[in-house]
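1. Task: produce atomic coordinates for the following.
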Amino acid sequence: MAGETNTLAGLIQMNDLNLADIDVSDLLEEAPLLQVLNAVTASNGTQHKYEKQTIAPGVAFRDPNTGIVNTAGKRELVSVDLKLMDAGFDRDKAIAMGYKAGKEAYMSKESIASLKTAFSGAEKQIINGTDADASGNTGFADALGTVGDKVISAGGAVADVQTSVYLIREGDDDVSAVMGNDGDITMSDMFDNFLVTNQTTGAGYDTFRVSILGWMGVQMGSVQSAVRIANLDATATLDDAELSKAIAKFPAGKGPSYIVMNRQSLQQLQDSRTATNVTGVPAPFPTEAFGIPIVVTDSITSTEAIVTA
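-> From the prediction side, this is the model:
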């Protein structure tokens, strides 16, 4: 996906010359959904507004010279306040200056590691929303928390051991990652700092610090853009029939782009396909269902609460 402007890898602008030769897609290797998810820039700096269709316009046939009243469609303006992703870090000067390739190389290496962690955290936030970090942006789980028509319960009844599978349709009018400030992630040159480790005594140590800041959020699109299969525990059955129920909740011709799940759900789907294999040979790990690609991510936890569907 590198270089495609409709994904995060194509949208993000790195302003640090030390990272100019780094493929942004490499920074997303721990965020598999963000590697493929459509991405847009915020409509206004750190705030994003978009129109969300809630009711489709009505269309009817009529005889010549006969009037009709068409039902007007309905859209509502949605405002998304992006949240600041802070990936800044300090490293002990003594360690940095002792690095065989030099302190600059050491801090560049640490910058890449910090950014990978940051994008992994951003993916968790986009999926789990305020359940991941109450100070972060809302996500799939917030938008599909208890929206009964778009949430299917797999029947799990024990709290804090559940997981979910999300089916999403991506696009500029549907689900998208949103980057603020035209997709710019600002990264400072390393600078001297003193990191206080004991507020009472003032004890600490000298560090090199790098500031890394970016604004992110998620656009959920219309009410037809996503479906959630919730309440999947370790004993649940996730099979193609269950996925088919979820796919059927999308409008004809506007089905999901991706099925997003964690490794537990992937194995359950594999087990269900093995059980229907007449040869008894274990089915391969699924990569798609009904032609829809499966994205496997560790960003979906298996410690969710019960969702009322």
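
2. in the stretch 201-309 of the chain, which spans are strands?
-> Remark: strands assigned in the stretch 201-309 of the chain by DSSP state E, counting those that start in this stretch are 204-210, 212-219, 226-232, 258-261, 288-289, 292-296.

3. List the strands paired with the fifth one, with their directions.
-> So the one you mean is strand 288-289. The strands that strand 288-289 pairs with in its sheet are strand 292-296 (antiparallel) (by DSSP bridges).

4. next structured bit after the lengthiest helix in the chain?
-> The residue-count maximum for a helix in the chain (DSSP state H) belongs to helix 103-128. Downstream of helix 103-128, the next assigned helix or strand under DSSP states H and E is helix 140-143.

5. The helix or strand that that next one is followed by packs against which elements?
-> Going down the chain from helix 140-143, the next helix or strand is strand 151-153, by DSSP H and E. Applying 3 or more Cβ pairs under 8 Å, 6 or more residues apart in numbering; DSSP states H and E, one finds that strand 151-153 contacts strand 226-232, helix 240-247. Where C-beta positions appear, they are placed from N, C-alpha and C, glycine not excepted.

6. Could you dump those into TSV and include mean pLDDT?
-> TSV is the format used below for those (pLDDT from 0 to 100):
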stretch	mean pLDDT
strand 226-232	96
helix 240-247	97
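
7. now, of the ones you listed, which is deepest in the fold?
-> Scoring the helices and strands packed on strand 151-153 by mean neighbour count under mean count of other Cβ atoms under 10 Å gives strand 226-232 as the most buried, with a mean of 26.

8. hey, C-alpha coordinates of that strand in CSV?
-> This file holds the C-alpha atoms of strand 226-232, laid out as CSV (Å, rounded to 0.1, in the frame of the first residue of the first chain):
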residue,chain,number,x,y,z
ALA,A,226,-20.0,-0.9,9.7
VAL,A,227,-21.4,-3.9,11.5
ARG,A,228,-20.1,-5.6,14.7
ILE,A,229,-20.3,-9.2,15.8
ALA,A,230,-19.9,-8.9,19.6
ASN,A,231,-19.8,-11.2,22.6
LEU,A,232,-17.4,-13.8,21.1
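
9. what comes into contact with it?
-> 140-141, 143-144, 150-157, 162-169, 175, 220, 238, 242-243, 246-247, 249-250, 256, 264-265, 268, 304, 306-307, 309 (Cβ atoms under 8 Å, 6 or more residues apart in numbering).

10. Going through those, which ones are buried?
-> 140-141, 143-144, 150-154, 156, 162-169, 175, 220, 238, 242-243, 246-247, 249-250, 256, 264-265, 268, 304, 306-307, 309 (16 or more other Cβ atoms under 10 Å).

11. Quickly find the element holding the most far-flung residue of the chain relative to its centre.
-> Most distant residue from the mean C-alpha position of the chain: Asn65, 51.8 Å away (Cα atoms, centre = their mean). If you go by DSSP H and E, Asn65 is not part of any helix or strand.

12. circling back to that earlier point, any idea of the mean pLDDT for the longest helix of the chain?
-> What helix 103-128 shows for mean pLDDT is 95.

13. Which strands and helices lie in contact with it?
-> Contact partners of helix 103-128 among helices and strands, from 3+ Cβ pairs under 8 Å, 6+ apart: helix 24-27, helix 32-36, strand 83-86, strand 89-92, helix 93-97, helix 140-143, strand 204-210, strand 212-219.

14. Mean pLDDT and distance to Val59 for these - can I get that in TSV?
-> Shown next, in TSV, are these (pLDDT from 0 to 100; distance: least, Cβ to Cβ, whole Å):
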stretch	mean pLDDT	distance to Val59
helix 24-27	82	42
helix 32-36	96	34
strand 83-86	94	40
strand 89-92	98	56
helix 93-97	97	65
helix 140-143	92	28
strand 204-210	97	56
strand 212-219	94	27
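
15. can you list those in a markdown table and add distance to Thr276?
-> Below are these laid out as a markdown table (distance: least, Cβ to Cβ, whole Å):
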| stretch | distance to Thr276 |
| --- | --- |
| helix 24-27 | 36 |
| helix 32-36 | 27 |
| strand 83-86 | 43 |
| strand 89-92 | 49 |
| helix 93-97 | 55 |
| helix 140-143 | 29 |
| strand 204-210 | 52 |
| strand 212-219 | 36 |
